[in-house]
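Asks: give me the fold of what follows.
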Amino acid sequence: MFLGTHTPRLDDKGRMILPAKFREKFAAGLVMTRGQERCLYVFPMNEFERIAAAMNTTPVTSRAVRDYQRVLLSGASDEIPDKQGRVTIPPLLREYAGLSKECTVIGAGNRVEIWDTQAWNDYLAGAEQPFSEQAEEVVPGLL
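Replies: Okay, here's the model as predicted:
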């Protein structure tokens, strides 16, 4: 499980050093792709393969399914971190997420999300108050 918030920087070649606590889970490879809210999703290779297999069971006759698969898979890039734990974020994905040098990497359970730091701060500022005021069960049986 991926947890926590980290603030690595992008270098001039579009590489980012993965947080040390995540590196072992990504050592065999990872897939990064477009996420929702203009962040990037980063999955360990085996988790992405599980998700892709589940997508293959969905009805191709559903436009929503086709649209989701197209956006998610067309932006996907498989990477293997180098010995220093760096991964290159392809230009298409850097542009999609509006990434500059300042990035925020968050653990989000089965995935890691990469955000432009200002975009993350803006998102969090808007999400924290509704989170604290949540009066009903969002995930059944969770709390």
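Asks: give me the phi and psi for M32.
Replies: Main-chain dihedrals, M32, degrees, to the nearest 10: phi -110, psi 150.
Asks: which strand residues bridge the residue lying closest to it once chain neighbours are set aside?
Replies: What sits nearest to M32 in space, not counting adjacent residues and going by CB to CB, 6 or more residues apart in numbering, is V42, at 4.6 Å. C-beta coordinates here come from the backbone N, C-alpha and C atoms, glycine included. Taking DSSP bridges as the rule, V42 bridges to M32, V112.
Asks: for N110, see how far away V42 is.
Replies: V42 sits 11 Å away from N110, going by CB to CB, to the nearest Å.
Asks: tell me which residues in stretch 55-73 are buried?
Replies: Q69, L72 (16 or more other CB atoms under 10 Å).
Asks: closest to the centroid, which residue in the chain?
Replies: Y41 (1.7 Å; CA atoms, centre = their mean).
Asks: ok, it touching L30?
Replies: No. The criterion here is CB atoms under 8 Å, and Y41 misses it with L30 at 10.2 Å.
Asks: which ones are touching V65?
Replies: By CB atoms under 8 Å, 6 or more residues apart in numbering, V65 lies in contact with M55, T58, P59.
Asks: quick one: contacts for the last one?
Replies: What it means is P59. Counting by CB under 8 Å, 6+ apart, P59 has contacts V65.
Asks: give me the number of residues near Q84?
Replies: 9 (other CB atoms under 10 Å).
Asks: can you offset everything so residue one is 30?
Replies: All set: I'll call the first residue 30, so the last point we hit is now Q113.
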